[in-house]
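Asker: here you go, sequence then predicted model.
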Amino acid sequence: MGNLTPAKIKLSAVLLVVAVVSILSVYNFQKFKPNVSSARRAKEGEQAGIHLPSDLPIPLNSKELSTVQSTDNIQMNLESEEKSESIYNFYKNILLDKGWSIKSNAVTENGYVTNYQKDENELIISITRDNSINKSIVGIEFSKD
């Protein structure tokens, strides 16, 4: 292996620390996702004039992935630790209780797509399970007819 002098040991330790810090920096950079969607949604909502219904619940253990808004609709994607069936029942029970009716419903082995109607408002909720990350992906689209 060679002579291990104090200088070589110091150099090896410094290189090891630099390597670990570099790896952690790359990892944190890959993980970084700025949380600007809520502020952007509020700002764009003021401009566009359309908002998600204030009584629309968000499932527990979920986080917002993205929000896209235009002048006549808004789409939000969430990631949840809950099972697809639990999220489906969560929305179905709450929305029906709040006066929404089911316009159409599709159940597949991969998830659910339900179209709700209330007055001139339409709400489409799609739920799929991604077993590779052990999470459900929820898509919410709201528009006014």
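Answerer: Perfect, I can see it now. Numbering: from 1, shown residues only.
Asker: first vs last residue of stretch 106-124, how far apart are they?
Answerer: When the termini of stretch 106-124 are compared using Cα to Cα, to the nearest Å, they are 11 Å apart.
Asker: got the domain ranges for the protein?
Answerer: Listed by automatic domain parsing, the domain ranges of the chain are 1-32, 37-144.
Asker: pLDDT averaged over the longest one - what is it?
Answerer: Looking at domain 37-144 alone, the average pLDDT works out to 86.
Asker: distance from that domain to the middle of the chain?
Answerer: 11 Å (Cα atoms, centre = their mean, to the nearest Å).
Asker: now for residue 120: which residues touch it?
Answerer: Counting by Cβ atoms under 8 Å, 6 or more residues apart in numbering, residue 120 touches 144, 145. For glycine as for every other residue, the C-beta is placed from the backbone atoms N, C-alpha and C.
Asker: relative to residue 89, how far out is it?
Answerer: To residue 89, residue 120 is 26 Å away according to Cβ to Cβ, to the nearest Å.
Asker: ok, residue 134 - how many residues close by?
Answerer: Per other Cβ atoms under 10 Å, the neighbour tally for residue 134 reads 9.
Asker: sorry, that was for residue 136
Answerer: Other residues within reach of residue 136, judged by other Cβ under 10 Å, total 26.
Asker: next: residue 112.
Answerer: As a burial measure, residue 112 scores 22 neighbours (other Cβ under 10 Å).
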